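[1] Here is the input, now give the coordinates:
(one chain, ligands or ions: 1)
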Amino acid sequence: PAETDSPTGGRSGALTPGPSVGADVQKIDVNPPKGTRDFPPEDMRLRNWLFNHFKEVSRLYGFEEVDYPVLESEALFTRKAGEEIKDQLYCFEDRGNRRVALRPELTPSLARLVIQKGKSVPLPIKWFTVGQCWRYERMTRGRRREHYQWNMDIIGVPGVMAEAELLSSIVTLFKRIGITESDVGFKVSSRKVLQEVLNCYSVPEHLFGKVCVIIDKIEKIPVDEIKKELKAVGLSQEAVQKLLQVLSVKSLEELEERLGSSGEAIADLKQLFSLAEKIGFSKWLQFDASVVRGLAYYTGIVFEGFDREGKLRAICGGGRYDHLFSTFGADDIAACGFGFGDAVIVELLKEKGLLPELNLNVDDIVCALDEDLQGRAAMVANILREKGHSVELVLESKQLKWVFKRAARVNAERLVLVGNSEWQRGVVGVKILSTAEQYEVKLDDLK
Ligand SMILES: CC(=O)Nc1cnc2ccccc2c1
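    Just a heads-up that it's a prediction; the model follows:
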């Protein structure tokens with residue numbers, strides 16, 4: 001078939017100029033909005049590879065997939081604990097004058113749906129989702145405004161077996177993608193440590209979330225700033241000193257000396273580390289009293305995955321949130337969960353040389369050797385597709401040179417040629433592209 005000269009002299013396949021061309025039509029900005037990403041095929045293959053691991057691990061642990069709207073009522077996220085996630089809420093008033101927001105996290109949506117389902121869903125609830133989350137940052141920082149998070153949550157299990165199951169599922173994920181305990185660890189603590197200190201100084205309950213959010217900034221802002229903010233919410237100098245002291249404790253034993261061995265914090269942590277031993281992932285865990293996480297609603301065990309080289313931000317994080325439901329006016333239910341973002345993990349895989357080689361590949365490329373055999377070629381393609389073959393059907397008459405080039409680009413295993421003389425004899429030509437072996441096959445024997 002002759003090479004068709006494209007009428008616009010541009011790329012082959014370009015069209016004759018349309019009505020807008022030549023008019024004073026402004027060329028649109030072809031980049032996505034600030035802070036957001038496109039996923040062209042090569043990026044989408046990596047994203048699907050990662051998300052398929054998320055979903056497969058969730059299936060292995062018997063979790064059910066759920067989803068929620070990316071748009072939620074703003075009220076779901078207007079917690080008054082001074083969280084960064086609240087300051088950066090991507091919120092607006094819709095045309096019905098409703099205050100809405102693009103979700104910055106997934107847990108409030110989960111709580112909303114669990115409350116909506118009420119008693120109709122038996123406990124324990126084990127749900128997972130992979131969803132896009134949004135923040136509106138002044139682009140001064142050039143950071144992303146969206147990312148995808150894998151979330152797993154266990155609702156209705158008060159004991160630390162739930163946290164152990166969640167940590168175990170993340171370890172399973174890491175192992176599947178080639179990350180070992182020498183690359184990554186989990187810093188584990190409990191917010192009950194802070195709770196017990198605050199109780200000693202009779203700090204009212206309603207300040208707990210605020211205090212945690214301030215303390216979470218301990219490695220990001222100077223300690224004097226932390227002290228100032230703690231005093232500003234009403235903590236005494238002594239309470240502030242004691243808090244900062246307890247956060248620098250280096251071991252569970254030392255913590256026990258300071259807090260005594262009767263508190264829940266020590267009991268939970270001891271039990272969790274002992275379970276980790278039995279289950280076989282204790283090498284991944286380390287107690288670290290300074291881990292508090294930045295979300296106000298955590299109430300017990302908290303953890304975060306970190307890269308042992310200390311180059312990257314937290315890979316994932318989570319913990320227990322036993323009082324989130326009552327903040328939505330419902331009865332409290334024991335709950336714990338984690339979020340695992342799609343950004344830091346890819347940076348880590350790059351660092352470790354663990355990014356997978358992912359290419360488009362098809363089983364067959366089917367091509368008509370004559371213009372009037374296009375229909376027949378399409379029919380051959382569909383016979384193969386019905387047998388589960390992925391087929392690239394050449395859609396225009398092309399030189400064989402072009403077809404071989406296309407076959408290489410789509411990594412086709414076989415080239416199937418539909419020609420007149422062969423057709424007369426009820427066969428098609430087949431060429432195995434890796435060995436150049438070629439033969440003829442009866443249509444009915446095509447597999
Ligand atoms: C490293 C990264 O992209 N972080 C990120 C990006 N976008 C977000 C959007 C909402 C909430 C948290 C987010 C966090």
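[2] Just list the residues touching Pro356, thanks.
    If you count contacts by CB atoms under 8 Å, 6 or more residues apart in numbering, Pro356 has them with 46, 49. (Glycine included, C-beta is placed from N, CA and C.)
[3] And it, how far from the ligand?
    Counting by CB to the nearest ligand atom, to the nearest Å, the separation of Pro356 from the ligand is 20 Å.
[4] What's the mean pLDDT across the helix ranked longest in the chain?
    The helix spanning the most residues in the chain, taking DSSP state H as the definition, is helix 41-60. Per-residue pLDDT over helix 41-60 has a mean of 98.
[5] shaky segments in the protein?
    Counting by pLDDT under 70, the ranges of the chain that qualify are 1-12, 139-140.
[6] which bits of it sit near the ligand?
    Neighbours of the ligand within the chain, by CB under 6 Å from any ligand atom: 104, 133-135, 144, 146-147, 341, 343-344.
[7] Restricted to helices, list those residues.
    Restricting the residues of the chain next to the ligand to those inside helices, with DSSP H as the criterion, leaves Val344.
[8] By neighbour count, which of the residues of the chain next to the ligand wins?
    The most crowded member of the residues of the chain next to the ligand, judged by other CB atoms under 10 Å, is Pro104 (23 neighbours).
[9] what about that one, distance to Asp370?
    Counting by CB to CB, to the nearest Å, the gap between Pro104 and Asp370 amounts to 59 Å.
[10] Over to Val25?
    Per CB to CB, Val25 is found 41 Å from Asp370.
[11] Show me which of these two is the more surrounded one.
    The residue with the greater number of neighbours, taking Val25 and Asp370 and applying other CB under 10 Å, is Asp370; the counts read 14 against 10.
[12] Now the more buried one. Nearest residue, chain neighbours left out?
    Computed as CB to CB, 6 or more residues apart in numbering, the closest residue to Asp370 that is not its neighbour in sequence is Asn420, at 5.7 Å.
[13] Then Arg191?
    Nearest to Arg191 is Tyr298, by CB to CB, 6+ apart, at 5.4 Å.
[14] Pull the contacting residues for the one you found.
    Taking CB under 8 Å, 6+ apart as the definition of contact, the neighbours of Tyr298 are 191, 212, 292, 319-321.
[15] Between these, identify the one with the most neighbours.
    Most neighbours among these, by other CB under 10 Å: Arg320, with 28 neighbours.
[16] got a list of what that one touches?
    Taking CB under 8 Å, 6+ apart as the definition, contacts of Arg320 comprise 162-163, 298-302, 334-336.
[17] One more: Ile221?
    Taking CB under 8 Å, 6+ apart as the definition of contact, Ile221 has no neighbours.
[18] Where does it sit: helix, strand or coil?
    Three-state secondary structure (criterion: DSSP: H, G, I helix; E, B strand; the rest coil) places Ile221 in coil.
[19] And it, its phi and psi?
    Torsion angles at Ile221 (phi, psi; degrees, to the nearest 10) stand at phi -130, psi 160.
[20] And it, how far from Val441?
    Shown here: Ile221 relative to Val441, a distance of 71 Å by CB to CB.
[21] Same check on Leu15?
    On the measure of CB to CB, Leu15 and Val441 end up 38 Å apart.
[22] More neighbours: these two, which one.
    Neighbour count, other CB under 10 Å: between Leu15 and Val441, Val441 has more, with 15 against 10.
[23] show me what contacts the residue lying closest to that one once chain neighbours are set aside?
    Once flanking residues are discounted, Val441 sits nearest to Val430: 5.3 Å by CB to CB, 6+ apart. For Val430, the set of contacting residues under the criterion of CB under 8 Å, 6+ apart consists of 414-417, 438-441.
[24] Among the residues you listed, which one has the most neighbours?
    Neighbour counts for the contacts of Val430 peak at Val416, which has 24 neighbours (criterion: other CB under 10 Å).
[25] Just to be sure, it is in a helix?
    No: under three-state DSSP, Val416 falls outside any helix and is assigned strand.
[26] now it: how far from Leu400?
    Applying CB to CB, the value for Val416 to Leu400 is 13 Å.
[27] for Gly18, phi and psi?
    phi -90, psi -180.
[28] Switch the contacts of Tyr298 over to a markdown table; also include secondary structure.
    A markdown table is the format used below for those (three-state DSSP):
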| residue | secondary structure |
| --- | --- |
| Arg191 | helix |
| Cys212 | helix |
| Val292 | coil |
| Gly319 | strand |
| Arg320 | strand |
| Tyr321 | coil |
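[29] Now do the phi/psi pair for Val213.
    Main-chain torsions, Val213, degrees, to the nearest 10: phi -60, psi -40.
[30] Just to check, it is in contact with Glu83?
    Yes: taking contact to mean CB atoms under 8 Å, the distance of 5.3 Å between Val213 and Glu83 places them in contact.
[31] Understood, closing this out.
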